[in-house]
Structure formats: C-alpha cells, structure tokens
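> Provide a 3D model corresponding to the input given below.
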Amino acid sequence: MKGPLFFAKILLFGEYGIIKDSKGLSIPYNFYRGELKIPANQAEFDDDSHKKLVDFSEYLKTLDRKIIDFDWKKLERDLSQKMYFDSSIPQGYGVGSSGALVAAIYDQYACCKITILENLTKEKLAYLKKVFSLMESFFHGKSSGLDPLNSYLSLPILINSKENIQTTGIPSQHSKGRGAVFLLDSGRTGETAPMVSMFMENMKKEAFSNMMRDQFIKRSDACVEDFLKGNISSLFKNIKSLSSLVLNNFQPMIPESFHQLWQKGIETNDYYLKLCGSGGGGFILGFTQDFEKAKKSLKQYPLEVVYHF
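From the prediction side, this is the model:
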C-alpha cells in the first residue's frame, strides 16, 4: 500500500493572532511531503512512526463518533501490516508535520468523508476544521485544525475569523522576481504546546493584550490584505512593523541566537523575519525585496525560497 501525498504548510500570516480572531493566510508547501505506507520488507519499516500511528488510532477511538467515525477494520488491518507514515516534513519546525499525518489518516479511513472534489462551502470547511482540530489535538494538546485542513485540501486558506475560513487564490509567482518569502533554519526544534501556553499567560497581562489588539492584529491583517492584493510596497512596510512587534513582544519565541539577526534585518531593510508557526525553534520565516542581498546578509544560514515576488 502507498497512499496519496500530503504536503507541508506555511502560515504566512496569523501566528498567535488567529487565536484571538485575527486574519490568517496559510499555503501548502510541496517541498516537504508525507504518505502512509505498508512496508514491502523489513528494511523499509519505520518502528517509531508505526508506534505513533498505533497510539494515534487508540486516541481516535475516544472521539465522539457522531462527529467523526472511521473504518476501524481497514485501519486495524493496515496497522497489523506495520503501516507507517513516510515523511520528509521536519518535526518541530512549524511546517505542519502532524497536520499532514492527520490529513492522510482522514483521507484513507474516515467514514462519510468530505472530498476535495466537492463544492467546499464555508459550512463544510468549518466542519473539516472541527474534525481536524479534534484529531490533531492528540499531538498538540489543543489544535486549531488549520494545518491538517491545509494539507488535506492542498490549497491556500484564508482565515477571516475562527468561524469564517475559505479557500483562496494568491497572486502568481514571478519566477524571475528579485523579492522572496524564504525559510531560515534555526537549527533546533520547537514545541508548540509550551509556546502557546506562554502566549495565553501573556494575554492575561493588560499591556500585552492591548498590544495584540491595537497593533499586532492590525498589522497582521494588513499584511494578509496586501499580500492577496499584490500591494508589495505596502506589504513590506507592514511586515517591517510586524517584525519589530514580534522582536519586542515575543522574544521567548525567538531563539536567543537570532535576536541580533532579527534586529539587523529591521535596521538594514535587507530582510524582515517573523515567526513560522509558534516559534521556539524550527524554521523562521523571512521576507525580502532582494533575495540576493538577503542571502549575502544571511550567508551563514541555509535559506529555502517559498515564494517569489
């Protein structure tokens, strides 16, 4: 058995803000991918991944079957044949490794599943997001469901609010464009649950809560609108402000060795950095109007281009 491919995702805008009902924009990233496999021989077998799938299947049995049910005979038969998730998506890097696994399980084993060929109304998208939230909470404690939704649909997703999400188109890439969105590898993994817990504690402080409402969410929402409309000059002004807000207010989520690098980008305008997912490690997201210049400034780090302006 070899299942269909499910891709990584990148939350371009909306990290932490979407917890408080800001806009968000998430895109699939097909450089990294995963698929369910039954090994043809012992050499192919991935014991750790298989054990995780067995534990995950036990968790799925605890979910309300009125909301989501699975073909248990088929799932248990495949697990008995040592099924595993063969994935190149790095774990703890903010690009949706568990989301792709959840999407793959839903695709293969969910009863009465919603398919990507259907007319995806807001109601169907909201239902899928709810199901994926329940499923992925096994990995994160509390999941929004957005990562598996993005991986399952393999389409850009616009988050207008918690209850209002839609698939969307994004401006075509300019393959020869100088500007780029890129990933910078921090060289260490991050964990979502403690970062989100820290954020929720900070939200209890009036000054932080006011900053989120009056500054962070406004800038983040403006970035989403600028990106979708292709307003590049306005986009980079807002990203610069957003990058500065993150540096000043989310320092625990930024690996300490990157604080100066973050500041350097804001001062030189060679690039602007922002969190990719919850932060704490993994990838850092970068935006630049001149990728060659950014590469020189960040020459000690490997960069992956996600999108060309």
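> does Phe287 sit in a helix, a strand or a coil?
strand (DSSP: H, G, I helix; E, B strand; the rest coil).
> count of neighbours near it?
26 (other CB atoms under 10 Å). Where C-beta positions appear, they are placed from N, C-alpha and C, glycine not excepted.
> ok, now the one 5 residues further on?
Neighbour count of Glu292, defined by other CB under 10 Å: 10.
> again, but for Leu63
Neighbour number of Leu63 under other CB under 10 Å is 16.
> Likewise for Phe182?
24.
> list the helices and strands the helix or strand where it lies packs on?
Per DSSP states H and E: Phe182 is located in strand 180-185. In terms of contacts (3 or more CB pairs under 8 Å, 6 or more residues apart in numbering; DSSP states H and E), strand 180-185 is packed against strand 6-13, strand 283-288, helix 291-297, strand 303-308.
> Reformat the ones you listed as a markdown table; add distance to Ser88 and mean pLDDT.
Output for the helices and strands packed on strand 180-185, formatted as a markdown table (distance: least, CB to CB, whole Å; pLDDT from 0 to 100):
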| stretch | distance to Ser88 | mean pLDDT |
| --- | --- | --- |
| strand 6-13 | 9 | 96 |
| strand 283-288 | 14 | 97 |
| helix 291-297 | 24 | 96 |
| strand 303-308 | 13 | 95 |
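> Among those, which comes closest to Met203?
strand 6-13 (18.9 Å; CB to CB).
> which strands and helices sit next to the closest one?
Taking 3+ CB pairs under 8 Å, 6+ apart as the contact cut, strand 6-13 packs with strand 24-37, helix 97-109, helix 146-153, strand 180-185, helix 217-229.
> just these: most buried one?
Ranked by mean neighbour count under mean count of other CB atoms under 10 Å, the helices and strands packed on strand 6-13 are led by helix 146-153, which reaches a mean of 27.
> now the helices for the stretch 151-300 of the chain?
Assigned by DSSP state H, counting those that start in this stretch, the stretch 151-300 of the chain shows helices spanning 192-202, 206-211, 217-229, 232-249, 259-268, 291-297.
> thinking again about what came up before, paired strands for the strand holding Phe182, with orientation please.
Take DSSP bridges as the rule and strand 180-185 pairs in its sheet with strand 283-288 (antiparallel), strand 303-308 (antiparallel).
> Quick check: which of the ones you listed is nearest to Asp226?
Among these, strand 283-288 sits nearest to Asp226 (CB to CB), with 11.2 Å.
> what does the closest one rub up against?
10, 12, 93-95, 179-186, 236, 239, 254, 258, 265, 270-277, 294, 298, 303, 306 (CB atoms under 8 Å, 6 or more residues apart in numbering).
> and that strand with helix 217-229, angle?
60 degrees (axes from the mean of the first three to the mean of the last three CA atoms, to 10 degrees).
> Number of residues surrounding Glu163?
Neighbours of Glu163 (other CB under 10 Å): 10.
> sorry, back to before: could you dump the helices and strands packed on strand 6-13 into CSV with mean pLDDT added?
Listed next are the helices and strands packed on strand 6-13 as CSV, based on pLDDT from 0 to 100:
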stretch, mean pLDDT
strand 24-37, 95
helix 97-109, 97
helix 146-153, 95
strand 180-185, 97
helix 217-229, 96
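> For Lys204, find the nearest of these.
It's helix 217-229; of the helices and strands packed on strand 6-13, that one is closest to Lys204 (CB to CB) at 17.2 Å.
> Report the beta-bridge partners for Leu11.
Ser26.
> That one reaches Pro28, doesn't it?
No: Leu11 lies out of contact with Pro28 (CB atoms under 8 Å); the separation is 11.3 Å.
> if we can go back for a sec, mind checking which of the contacts of strand 283-288 are buried?
For the contacts of strand 283-288, a burial check counting by 16 or more other CB atoms under 10 Å picks out 10, 12, 93-95, 179-184, 186, 236, 239, 254, 258, 265, 270-277, 294, 298, 303, 306.
> ok, Asn164 - how many residues close by?
13.
> how about the nearest residue to Asn160 once chain neighbours are set aside, what does it touch?
Nearest non-adjacent residue to Asn160, counting by CB to CB, 6 or more residues apart in numbering: Lys23, 6.1 Å away. Contact partners of Lys23, counting by CB under 8 Å, 6+ apart, are 13-14, 17, 158-161, 220-221, 224-225.
> change it to 7 Å
Listed by CB atoms under 7 Å, 6 or more residues apart in numbering, the contact set of Lys23 reads 14, 159-160, 220-221, 224.
> now swap in Arg188 and tell me
255, 281.
> quick thing: my sequence starts at 12, can you match it?
Sounds good: first residue 12 from here, last item Arg199.
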